[in-house]
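Trainee: Fold the following.
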Amino acid sequence: MDLILWRHCDAEPGEPDVARRLTAKGVRQAERMALWLDRRVPATCRVLVSPAERCQQTAQTLNRRFSTVADLAPGASPRAVLAAACWPESREAVLVVAHQPTLGEVVSTLLTGREAFWAVKKGAVWWLASGAQDSGAAVVVKAVLAPDFV
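Mentor: Have a look, this model is predicted:
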């Protein structure tokens, strides 16, 4: 299973938190990353998105159908993200658009077996895959990319 974690792009400050929108910089970041993803993510990929406005806007740049998942809202647990994605049992790739510190905690949990704070830059993607048969690894890192490098 491929699990693609995409942190929302640069957003305006303000309250309420779930209503914060992308900045002009954030829109540019999202558009660049969406182009990169669109060329690589399979057509059958499920896209799951936090209900926060900045995540909705980030996902919209991909121009694919997506599902809004309340369990991905700010403050979600890594366990909630993995459950929503059906990790590692899903037969199709899953793209999750969500928040820090949750996404960094998901990455640390999958790669080390321990939940820790790992930074994930705004607009960045971590592309992970469940166990590669030939390497014996439980989780394989396929790509880590920040929007500045797209």
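Trainee: ranges for the helices of the protein?
Mentor: 24-40, 53-60, 78-85, 102-112 (DSSP state H).
Trainee: what stretches of the chain score poorly on pLDDT?
Mentor: Applying pLDDT under 70 to the chain flags the ranges 132-137.
Trainee: What segments of it are strands?
Mentor: 2-7, 46-49, 67-68, 94-98, 125-130, 139-145 (DSSP state E).
Trainee: was I right about residue 99 contacting residue 80?
Mentor: No. Between residue 99 and residue 80 there is no contact under Cβ atoms under 8 Å: 11.6 Å. From N, CA and C alone the C-beta is placed, and that goes for glycine too.
Trainee: neighbours around the residue nearest to residue 20 when sequence neighbours are not counted, how many?
Mentor: Closest residue to residue 20 apart from its sequence neighbours, by Cβ to Cβ, 6 or more residues apart in numbering: residue 11 at 4.6 Å. Residues lying near residue 11 (other Cβ atoms under 10 Å) number 20.
Trainee: in terms of contact, does residue 74 touch residue 17 like I think?
Mentor: Yes. If you go by Cβ under 8 Å, residue 74 and residue 17 touch, sitting 5.8 Å apart.
Trainee: and for those two, which residues touch both?
Mentor: residue 52 (Cβ atoms under 8 Å, 6 or more residues apart in numbering).
Trainee: Compare the two (neighbour count), which wins?
Mentor: Shown here are residue 74 and residue 17; by other Cβ under 10 Å, residue 74 has more neighbours (18 against 15).
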